[in-house]
Structure formats: structure tokens, C-alpha cells
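Colleague: take a look and give me a structure for this.
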Amino acid sequence: MRMIRGNDVRIIISQAVRETITGAVDLILPFRCAICGKVSDTEDRSGGYCRLYKELYGTFPKLHLCGKCLSSLSSREETERWHYCLSNPVENDPHPELPLYLPFPYKGIVERAMPRIKFGRQIELARFFGSVLGTLLCGEDLKADLIVPVPLSSERFEERGFNQASEIAYPVSKLCNIPFADDCLIRLKDTARQSETKENYERAANVSGAFGVSGSWDVTGITVIVADDVATTGSTLHEAALALYKAGASKVLCIAFAGNRQDKY
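Modeller: The predicted model follows:
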């Protein structure tokens with residue numbers, strides 16, 4: 001029988017104390033909003049999101065949002081959500097009328113939230129935005145055969161641990177009952193961050209030829225939705241759509257959670 005020495009006793013007591021303090025802190029300290037960082041109440045203010053999350057992911061979310069941030073999340077009017085994909089049309093574009101669904105302006109609470117997803121690894125915030133996007137998109141009564149996210153480079157994926165476009169697209173696919181294909185689009189080359197390129201022509205050149213369709217997928221004759229988190233000039237989504245058309249897709253639609261546009265489709 002092993003003797004318990006004094007040091008062992010102190011270690012056991014220390015661990016017990018830490019666990020007790022941690023439990024007490026969890027009870028005493030309030031939850032913090034994932035967007036603004038201020039105190040968040042614990043009730044489900046988001047229309048049954050906890051139940052939806054449980055259905056999608058098999059567990060309850062750990063996301064907390066305050067009432068102020070939720071109330072600030074205001075979408076565009078229904079008649080102002082469809083746009084041309086490219087903010088600045090280009091000559092000889094084979095698909096100049098490529099549509100883009102863009103329900104939220106990239107400002108205010110959304111502008112604060114997106115960097116938390118990309119650089120703060122807030123995966124559950126991406127999933128929440130995807131659920132909101134899917135709920136709105138279902139009202140559009142779209143018909144599509146597949147929904148695919150814009151793929152990240154391997155370097156970006158390693159940095160974040162997830163692809164935010166994929167996390168946004170998955171709830172959309174489930175809510176709208178459209179098959180989800182995470183590995184349909186592939187990166188053919190790594191590119192610089194679009195946020196680091198300011199001019200429209202630089203953004204277009206940066207992603208030119210960046211995407212292809214995996215050989216394990218046949219998109220011939222089908223309608224595909226391409227999803228991303230944010231659309232600025234639309235160059236990334238446009239390039240992804242061109243890859244799908246080149247692979248034989250009959251129709252491509254683009255969606256993003258947010259972006260700033262004045263034009264309408």
C-alpha cells in the first residue's frame with residue numbers, strides 16, 4: 001500500500017482548492033458578450049438558438065451575446081439584399097450578372113465581430129452568423145443542389161483552426177436543406193490576405209486562378225451556392241464561381257453574411 005506523503009497531501013489539497021475556486025468564480029462572475037466583451041445575461045435571447053445548435057452540433061453552445069449587440073444586428077430590407085457579385089464590373093466578364101446575397105452591412109456590430117472570428121478564433125460566433133444567414137436565406141426559397149464554402153489556404157487554416165466560411169455555410173445548408181460540400185472547392189495557390197490589398201484591381205489579381213474544383217466532385221449541370229463570410233469587392237466569390245462554371249456548373253449563386261454595397265441586382 002502506497003504511503004501518502006506530506007507533499008502529496010498538499011498537492012491534493014491545492015488541486016481541490018483550485019477546483020473549488022474555479023467553480024465559485026464561474027457562479028459569481030457574469031458571462032461576457034463574445035462581441036463587445038461586456039456583461040451578458042445568460043438567458044437565450046436569440047429565438048431558440050440553443051435548441052438549434054444542439055440539433056446541428058449535438059451539444060449546447062458556449063456563446064454569450066448581450067441584448068445590446070443582438071438588437072444592433074440589423075439586416076437590410078428584403079429588397080436590398082441581392083447585388084451583383086462584383087462591385088466594379090470588368091470587361092469581358094463571362095458572368096457579369098453573377099448574383100450575390102448580402103443581408104448585412106459591414107459596419108457597427110458586424111465590423112467588430114468579424115475580426116473576433118478570424119483572429120480571435122470565435123468559431124461559435126461564426127456558427128451563430130451562419131444560423132442567422134440560413135434563416136434569412138430560407139425565406140428566399142432558393143433552389144440549389146450544393147452549397148460550398150470558399151476554401152482557406154492551409155496556412156490560414158492552421159492559424160485559425162477552422163474555416164470561417166465553412167462554419168457559416170454549414171448551418172445554411174442544414175436550415176435550407178441543401179447538401180453541404182466542404183471539399184468541393186480547393187485552393188490552387190496561396191494568396192495574400194484580401195484585407196491587405198486596397199485597390200480593386202489588386203484584389204482581383206490576388207485571387208485570379210486561385211480556385212479549382214476537386215476531382216472527387218462532379219458539378220456538371222447543377223446549381224451551386226458559394227458561401228463566404230464577408231464580400232468587399234466580390235473578387236474572391238467571383239473567382240470561386242468561375243472555377244465552378246469552368247467545371248461544368250449550370251448556375252452559381254454567391255452568398256456572404258455581410259458587405260457594403262449600394263448597387264442592387
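
Colleague: quick check: closest non-adjacent residue to Thr79.
Modeller: Lys264 (7.5 Å; Cβ to Cβ, 6 or more residues apart in numbering). Placement of C-beta: from N, CA and C, glycine included.

Colleague: tell me the pLDDT at the closest residue to Leu175 other than its chain neighbours?
Modeller: Closest residue to Leu175 apart from its sequence neighbours, by Cβ to Cβ, 6+ apart: Gly134 at 3.5 Å. Gly134 is assigned 96 on the pLDDT scale.

Colleague: and stretch 148-166, what's buried?
Modeller: Under the neighbour-count criterion of 16 or more other Cβ atoms under 10 Å, stretch 148-166 has Val148, Pro149, Val150, Pro151, Leu152, Ser153, Arg156, Arg160, Asn163, Gln164, Ala165, Ser166 buried.

Colleague: got a list of what the third one touches?
Modeller: Just to be clear, that refers to Val150. Ala165, Leu185, Phe211, Val226, Ala227, Asp228, Thr236, Leu237, Ala240 (Cβ atoms under 8 Å, 6 or more residues apart in numbering).

Colleague: does the fifth one lie in a helix or a strand, and which?
Modeller: Put plainly, it is Ala227. Ala227 is part of strand 223-230 when elements are defined by DSSP states H and E.

Colleague: helix or strand right after that strand?
Modeller: helix 235-246.

Colleague: in that following helix, which residues are buried?
Modeller: Using 16+ other Cβ under 10 Å as the test for burial, helix 235-246 gives Ser235, Thr236, Leu237, His238, Glu239, Ala240, Ala241, Leu242, Ala243, Leu244, Tyr245.

Colleague: right, and the last one touches His238 too?
Modeller: No - the pair Tyr245 and His238 does not pass the contact test of Cβ atoms under 8 Å, sitting 10.5 Å apart.

Colleague: where does pLDDT dip in the stretch 51-200 of the chain?
Modeller: 190-200 (pLDDT under 70).

Colleague: what residue is smack in the middle of the chain?
Modeller: When Cα atoms, centre = their mean is applied to the chain, the residue found nearest the centroid is Ile168 (3.3 Å).

Colleague: residue contacts, that one?
Modeller: Ala126, Arg127, Phe129, Gly130, Leu133, Pro149, Ala227, Asp228, Asp229, Phe257.

Colleague: restricted to helices, list the residues you listed.
Modeller: Taking DSSP state H as the definition of helices, these contribute Ala126, Arg127, Phe129, Gly130, Leu133.

Colleague: so which of these comes closest to Lys68?
Modeller: Comparing those against Lys68 with Cβ to Cβ places Phe129 closest, at 17.2 Å.

Colleague: can you tell me how far the closest one sits from Phe119?
Modeller: Applying Cβ to Cβ, to the nearest Å, the value for Phe129 to Phe119 is 15 Å.

Colleague: one more: Glu91?
Modeller: Going from Glu91 to Phe119 by Cβ to Cβ gives 36 Å.

Colleague: where's Ile109, which helix or strand?
Modeller: Per DSSP H and E: helix 108-120 holds Ile109.

Colleague: surely Arg32 is in contact with Val39?
Modeller: Yes - contact criterion Cβ under 8 Å: Arg32 and Val39 qualify, at 6.7 Å.

Colleague: so for Phe129 and Phe119, which sits in the more crowded spot?
Modeller: Per other Cβ atoms under 10 Å, whichever of Phe129 and Phe119 has more neighbours is Phe129, with 25 against 10.

Colleague: ok, now which ones touch that one?
Modeller: By Cβ under 8 Å, 6+ apart, the residues touching Phe129 are Ala113, Ile117, Ile168, Asp229, Phe257.

Colleague: residues in contact with the residue nearest to Ser72 when sequence neighbours are not counted?
Modeller: With Cβ to Cβ, 6+ apart as the criterion, Ser72 has its nearest non-adjacent residue at 4.3 Å, and that residue is Ile109. By Cβ under 8 Å, 6+ apart, Ile109 lies in contact with Ile35, Cys36, Cys69, Ser72, Leu73.

Colleague: could you redo the last one with a cut-off of 7 Å?
Modeller: Ile35, Cys69, Ser72, Leu73 (Cβ atoms under 7 Å, 6 or more residues apart in numbering).
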